[in-house]
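# Give the three-dimensional model of this entry:
(one chain, ligands or ions: 1)
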Amino acid sequence: MVQPDKSKPVLVTGATGYVAGWLVKKLLDEGITVHAAVRNPDDEKKIAHLNILAEQAPGSIKYFQSDLLAEGSFTEAMKGCELVYHTASPFANVVKDPQRDLIDPAVKGTQNVLQTASQTPSVKRVVITSSCAAIYTDAIDCHQTPTGQLTEDDWNTTASLDYQPYPYSKTLAEKKAWEIQKNQSQWDLITINPSFVLGPPLNPHATTSESFHILKQFGDGTLKFGVPKYGIGLVDVRDVAEAHYRAGYTPEANGRYITSAHNTDFLELSQALLPKFGNTHPLPKKALPKWLLMIVGPMINKALNRKTIRNNVNVSWKADNSKIKNELGVSFKPIQETMEDAFQVLVDNKIV
Ligand code: NAP
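I've put the predicted structure just below:
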């Protein structure tokens, strides 16, 4: 059992990210010193929100230039840390070169961070932002598990370099992490496995997260004729941050944690926006028929190919979130709150 000392600094890789922003906020609010590993500490646009958070909170922030693919890049940032949060990893459904753009940063990055953890004697615990994508590829996979829903015992066996490379990157990265963890005894490993994350971005101009792209599409007219009833899990970004925090500081925390609030689909998510934004924005109001999607899918999103449509549209998604509720006491926000708060940020920033 590990109890990291809150007076020691904590490393957060990918601190500029959508998910990481709320984790950094939580740590700063708790009075903790955050070592923020970022690709470019001089990029004001990407870190402005973190500086504002640090000014308002009892904790403090220090930046370190780090790249997932540069060996030894996290050495300075990790010095003196007992707890390491590794969140950095590209999240994109459409890339030019999946090996270069997704797999290498995810897997080699994980390897890089964990090797540095083993070379840094102060490190006691590493919490990795994995994903439900390391557990499944398509909603149909939920129905093929032993319990009919995703659990922490399940692994993604259906993604590949050619089909859904993002889930493949997360699966390979998490597997690599457990393999490295088992070969040493200095630090323990916990993975947070969120489903699709939405909720307000702290800096909508800093992230290229797929979460943000999809949210934008709800409001920019792309989906005004309808939305695929695509089975997914949803979790609020603020609850994901809380889950990371508790995973770091709960001594008994162990293994993987499915971090998913709702078994839902894109139609239900967009409908949650209608009461507040239905009169002002071209939101989708109905489901697009599956046959039509087979024709227009790739125009909405290049990743919506026929196999993806067949395996996800009108297919329910189901995961068991009892482990994180019981062991870490995490509770989840309702869909309405997550969706409205997220969309409001886009409206306020004139993005939709
Ligand atoms: P995001 O906003 O795009 O954050 C990704 C972070 O990774 C950014 O800080 C980015 O840095 C960093 N990064 C990417 N490539 C890097 C490299 N080569 N070297 C150093 N840093 C690099 O996306 P997000 O949604 O917050 O994702 C954060 C984590 O959550 C990822 O591990 C993702 O797989 C996981 N996750 C996300 C969701 C979701 O629905 N959003 C669900 C499950 C899991 P720059 O700012 O410099 O680009």
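# Neighbours of the residue in the chain positioned nearest to the ligand, how many?
Relative to the ligand, the nearest point of the chain is G17 (2.6 Å; CB to the nearest ligand atom). For glycine as for every other residue, the C-beta is placed from the backbone atoms N, C-alpha and C. By the criterion of other CB atoms under 10 Å, G17 has 26 neighbours.
# Show me what from the stretch 51-200 of the chain comes close to the ligand.
By the rule CB under 6 Å from any ligand atom, the part of the stretch 51-200 of the chain lying against the ligand is 67-69, 87-91, 105, 129, 131, 170, 194, 196-197.
# that older thread, next up, the contacts around the residue of the chain closest to the ligand.
Contacts for G17 (CB atoms under 8 Å, 6 or more residues apart in numbering) come out as T87, A88, A206, T207, S209.
# Quick check: next helix or strand after the lowest-mean-pLDDT helix or strand in the chain?
Every helix and strand of the chain was ranked by mean pLDDT, DSSP states H and E. The lowest is helix 290-300, at a mean of 86. Where DSSP states H and E defines the elements, the next helix or strand beyond helix 290-300 is helix 306-312.
# quick one: that next one to chain centroid distance?
Centre-to-centre, helix 306-312 and its host chain are 22 Å apart (CA atoms, centre = their mean, to the nearest Å).
# got the buried residues for it?
By neighbour count with 16 or more other CB atoms under 10 Å, helix 306-312 contains the buried residues T308, I309, N311, N312.
# same check, this time on stretch 114-126
In stretch 114-126, counting by 16+ other CB under 10 Å, buried: L114, T116, A117, T120, S122, V123, K124, R125, V126.
# As CSV, could you dump the C-alpha coordinates of it?
Output of stretch 114-126 as CSV, limited to C-alpha atoms (Å, rounded to 0.1, in the frame of the first residue of the first chain):
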residue,chain,number,x,y,z
LEU,A,114,8.0,4.3,-16.8
GLN,A,115,11.7,3.7,-17.4
THR,A,116,12.4,7.1,-15.9
ALA,A,117,10.1,6.2,-12.9
SER,A,118,12.4,3.2,-12.3
GLN,A,119,15.4,5.4,-12.4
THR,A,120,13.9,8.0,-10.0
PRO,A,121,14.1,6.6,-6.4
SER,A,122,11.5,8.9,-5.0
VAL,A,123,8.7,7.5,-7.2
LYS,A,124,6.2,5.2,-5.4
ARG,A,125,3.1,5.3,-7.5
VAL,A,126,2.3,5.8,-11.2
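# Now do that stretch, average pLDDT.
Averaged over stretch 114-126, pLDDT sits at 98.
# For it, which outside residues touch it?
Contacts to stretch 114-126, defined as CB under 8 Å, 6+ apart, come from residues 2, 4, 8, 72, 74-75, 78-86, 113, 176-177, 180-181, 184, 186-190, 248.
# let's see it at 6 Å
Outside stretch 114-126, the residues that touch it by CB atoms under 6 Å, 6 or more residues apart in numbering are 2, 4, 74-75, 78, 80-84, 180, 184, 187-189.
# Take those and keep only those in helices.
Using DSSP state H, T75, M78, I180 are the members of the contacts of stretch 114-126 that sit in helices.
# just the strands in the stretch 1-150 of the chain please.
If DSSP state E, counting those that start in this stretch is used as the criterion, the strands of the stretch 1-150 of the chain fall at 10-13, 33-38, 60-65, 83-86, 125-129.
# likewise the stretch 251-352 of the chain?
Using DSSP E, counting those that start in this stretch, the strands of the stretch 251-352 of the chain run over 255-259, 262-265.
# Give the buried residues for the first one.
Judged by neighbour count using 16+ other CB under 10 Å, the buried positions of strand 255-259 are R256, Y257, I258, T259.
# ok, back up a step: mind checking how far the residue of the chain closest to the ligand is from S60?
20 Å (CB to CB, to the nearest Å).
# N254 too?
Here the criterion is CB to CB. By it, N254 lies 30 Å from S60.
# got it, and S130?
Using CB to CB, S130 is found at 28 Å from S60.
# between the two, who's got more neighbours?
Neighbours were counted for S130 and for S60 using other CB under 10 Å; S130 has more, 27 against 13.
# can you pull out the helices in the stretch 51-200 of the chain?
Taking DSSP state H, counting those that start in this stretch to define them, one finds helices in the stretch 51-200 of the chain at 75-78, 98, 104-118, 139-142, 165-182.
# List just the one of the strands of the stretch 251-352 of the chain that sits closest to V227.
strand 262-265 (8.8 Å; CB to CB).
# List the strands paired with the closest one, with their directions.
Here strand 262-265 is paired, per DSSP bridges, with strand 231-236 (antiparallel).
# name the helices or strands packed onto the helix or strand following the strand it pairs with?
Once the chain leaves strand 231-236, the next helix or strand it forms, by DSSP H and E, is helix 237-249. Helix 237-249 sits against helix 18-29, strand 125-129, strand 188-194, with contacts defined as 3 or more CB pairs under 6 Å, 6 or more residues apart in numbering; DSSP states H and E.
# please redo it, this time with the cut-off set to 7 Å
On a contact count with 3 or more CB pairs under 7 Å, 6 or more residues apart in numbering; DSSP states H and E, helix 237-249 meets helix 18-29, strand 83-86, strand 125-129, strand 188-194, strand 196-198, strand 255-259, helix 322-328.
# Could you identify which of those is most buried?
strand 83-86 (a mean of 29; mean count of other CB atoms under 10 Å).
# That one pairs with which strands?
If you go by DSSP bridges, strand 83-86 pairs up with strand 10-13 (parallel), strand 125-129 (parallel).
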